[in-house]
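**Student:** The following comprises the amino acid sequence and a computationally predicted model.
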Amino acid sequence: MDAIKLLKTDHKLVKELLTQLEETSERATKKRASLLREIQINLKAHTTIEEEIFYPAFKKAGRKAEAKMYFEALEEHRAAEDLVLPDLLATDPASVEFSGRAKVLKELIEHHADEEEKEMFKDARELLSREELAELGSLMEARKEEVIASFG
């Protein structure tokens, strides 16, 4: 699978999980905890392969505009993964606060994924050959499996 298809598949999965999480009630604490764990694992695997493999290749192949996109994407990862997600993980799943934080995480992820798909991936298809995207995809799939396995 090429790198962009892999990333789009990840976006779709995480967005679906976040929608399921948003639709839960305060009483569904076990379901919320389970969905949150799945989101955490998939988000970590996704951001890792983007930051370690895809983004550097994109930045290297690009121009100044791509470098700007690269740094913006990193900041969006930081906001979701280092600020909102830890707060959500520390929040009681039976609380109203949980619902609010889950919604904010969902909105951040949706914005980030949509921006990547409309701008970054379009540029990446112009800057990188099919062969390069396929090679990146293979590296990313292998690294993604390692990250997921590290969660046990």
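**Tutor:** Cool, the structure landed.

**Student:** Could I get the average pLDDT for whichever strand or helix holds Glu16?
**Tutor:** When elements are assigned from DSSP states H and E, Glu16 belongs to helix 3-22. Computed over helix 3-22, the mean pLDDT rounds to 97.

**Student:** I'd like the distance from the helix or strand following it to the chain centre, please.
**Tutor:** Downstream of helix 3-22, the next assigned helix or strand under DSSP H and E is helix 29-49. Averaged C-alpha coordinates place helix 29-49 at 10 Å from its chain's average position (CA atoms, centre = their mean, to the nearest Å).

**Student:** same deal with stretch 44-56?
**Tutor:** 9 Å.

**Student:** Over to stretch 90-107?
**Tutor:** How far stretch 90-107 lies from its chain's middle: 18 Å, per CA atoms, centre = their mean.

**Student:** List of residues touching it?
**Tutor:** 15, 18-19, 21-22, 26-29, 32-33, 36, 39, 80, 84-85, 87-88 (CB atoms under 8 Å, 6 or more residues apart in numbering). The way it works is simple: take the backbone N, C-alpha and C, and place the C-beta from them, glycine included.
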